[in-house]
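S.K.: Please work out how this folds:
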Amino acid sequence: MGDKTKSTIVKTMIYVFLILVAVIYIAPLLWVLMVSFKTNAEIFSSPFSLPESFYLENYTFAWTAGKLGIATLNSFIVCGVTLVLSMLIGSMAAFAIGRLRFKLAKPCMTFFLLGMMIPVHCVMIPLFTRFAKMGLSNSLTGIIIPYLTFSLPVTIFIMTGFFQSMPNELIESACIDGASIYGIFFKIALPLARTGLFVTGLMTFVANWNELLLAMVFISDDAKKTLPVSLSKFVGPYNTNYSQMFAAIIIAIIPTVIVYCIFSNQIVDGLTAGAVKG
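M.R.: This is a model prediction of the structure:
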């Protein structure tokens, strides 16, 4: 068997494997989309067949009775504020650790990385009692703070690698030209590390968009609940309306799919660059 034939077989096996992986990930999503247009009777009688008619009332009920509109707005507020703060604070801390020379750089990095090892379950009760005393419970601010805290370690870890890989000549020439440390950061370092910002931004957005535990524990007011908490209301102890629940799930995942489709090229470039530089 020649080398060309072996190469063709290997490529074919790789493509077949990738197609199988794509089917495994996409098939459940397509099934949820399909059954979201069915009634409960259709789901139980023929769960894998196409819907007889597109039952759009499921989406109407999920959006109005399920109060997904206000829940979606709350999720956007929480995730948006957390995203902006984590990218700003995390990139500034990463620039200081990666580019500025001070003795506590490595201890600071170790301190931030410890945050990646602490499960949220370990700090949930202390956070709840502390926030209750501070008047932050049952408020969006009360979940933005822990979201930001748990998002910073990953952001700092990834962005530090991007800043450390930058040529020293750029920083030195900017210093010679009289640029301040803030000018170097905002005008030189941050634009060059935009691929890392896309990666960390998507990870932060998706993780906080899908977070359920903290939001369910800290928020009790229906007007302040986020989207994952509102989705849990479609499942009852004695009855579950599957068609409306699937419609609500589709509404919940649309923003993350749109964000990934828009920034997919930048995200892939950022992951590739991070892999090479790391």
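
S.K.: ok, residues contacting stretch 78-88?
M.R.: 140, 143-144, 147-148, 151-152, 155, 197, 200-201, 204-205, 208-209, 226 (Cβ atoms under 8 Å, 6 or more residues apart in numbering). For every residue, glycine as well, the C-beta is placed using N, CA and C.

S.K.: And the average pLDDT for the helix or strand harbouring residue 25 is what?
M.R.: Per DSSP states H and E, residue 25 falls inside helix 3-35. Mean pLDDT, computed over helix 3-35, is 87.

S.K.: most surrounded residue in the contacts of stretch 78-88?
M.R.: residue 226 (30 neighbours; other Cβ atoms under 10 Å).

S.K.: Keep only those of the contacts of stretch 78-88 that are in strands.
M.R.: Among the contacts of stretch 78-88, DSSP state E puts none in strands.

S.K.: Please flag which of these sit within helices.
M.R.: 140, 143-144, 147-148, 151-152, 155, 197, 200-201, 204-205, 208-209 (DSSP state H).

S.K.: ok, residue 242 - contacts?
M.R.: Going by Cβ under 8 Å, 6+ apart, the list of residues near residue 242 reads 35, 40, 43.

S.K.: Where does the prediction get shaky in the protein?
M.R.: Scanning the chain for pLDDT under 70 picks out 1-3, 236-239, 266-278.

S.K.: Distance check, the closest residue in space to residue 105 that isn't next to it in sequence against residue 113.
M.R.: Nearest residue to residue 105, sequence neighbours excluded (Cβ to Cβ, 6 or more residues apart in numbering): residue 97, at 5.1 Å. Using Cβ to Cβ, to the nearest Å, we find residue 97 at a distance of 11 Å from residue 113.

S.K.: Residue 13 too?
M.R.: Distance from residue 13 to residue 113, by Cβ to Cβ: 38 Å.

S.K.: More neighbours: those two, which one.
M.R.: More crowded of residue 13 and residue 113, by other Cβ under 10 Å: residue 113, with 14 against 10.

S.K.: Isn't the more buried one up against residue 155?
M.R.: No - assessed by Cβ atoms under 8 Å, residue 113 is found out of contact with residue 155, at 11.8 Å.
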